[in-house]
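Asker: sequence? don't have it. structure:
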């Protein structure tokens, strides 16, 4: 709380999801079921966040949640993880993979993950609307990874899921 002319005013919430750890098991299940089907690889949650490593070539995909409340889901993956998925799904060799192909793969993954998460966070009768995925340069330094994301491991490479917005402030409605 901060003082404002003698009144206590709540401080703005800085965490993306105030109790992301409370929802950890649900989020882990969604990530594992979504990505293991796509990549045919085991996905493991990581208990302790890896330190930021500038040398890792990362890709980022975002998708906006437009209804019923505003939000955003971000997926950050190293090139190595996307290459594994591309090799398994599309039977492509590493030398055949372009940035465009890897961007397409991470866009498809964020679509699947966002749809799965929103089906859990909204009641069955509630309609939700997602925007189109956008890909871009990884801006991971803007996120406090220790509290605002969950880290996963695929084949020894870490990747992260970040969830922002008021849509995630309430517990999942479940289905």
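Answerer: Now that the structure is in, tell me what you want to look at. Computed from a predicted model, the values in this text were never measured in an experiment. Numbers count the residues shown, from 1 in each chain.
Asker: remind me, longest strand of this structure?
Answerer: strand 58-67 (DSSP state E).
Asker: quick one: strands adjacent to it?
Answerer: The sheet places strand 58-67 alongside strand 71-78 (antiparallel), strand 129-130 (antiparallel), strand 134-137 (antiparallel), with pairing taken from DSSP bridges.
Asker: Based on its surroundings, how many neighbours for residue 50?
Answerer: Residue 50 is surrounded by 13 other residues when neighbours are defined as other Cβ atoms under 10 Å. C-beta coordinates here come from the backbone N, C-alpha and C atoms, glycine included.
Asker: again with residue 27
Answerer: By the measure other Cβ under 10 Å, the count of residues near residue 27 is 23.
Asker: quick one: low-confidence ranges for the chain?
Answerer: Using pLDDT under 70 as the threshold, the predicted model of the chain has low-confidence ranges 1-22, 39, 51-52, 137-148, 174-175.
Asker: In it, mark out all the helices, start to finish.
Answerer: 24-39, 79-90, 99-121, 145-148 (DSSP state H).
Asker: ok, and for stretch 88-100, which residues are buried?
Answerer: residue 97 (16 or more other Cβ atoms under 10 Å).
Asker: who's in contact with it?
Answerer: 38, 39, 40, 41, 82, 83, 86, 87, 101, 105 (Cβ atoms under 8 Å, 6 or more residues apart in numbering).
Asker: Show the buried residues in those residues.
Answerer: Buried members of the contacts of stretch 88-100, scored by 16+ other Cβ under 10 Å, are 38, 39, 82, 83, 86, 87, 105.
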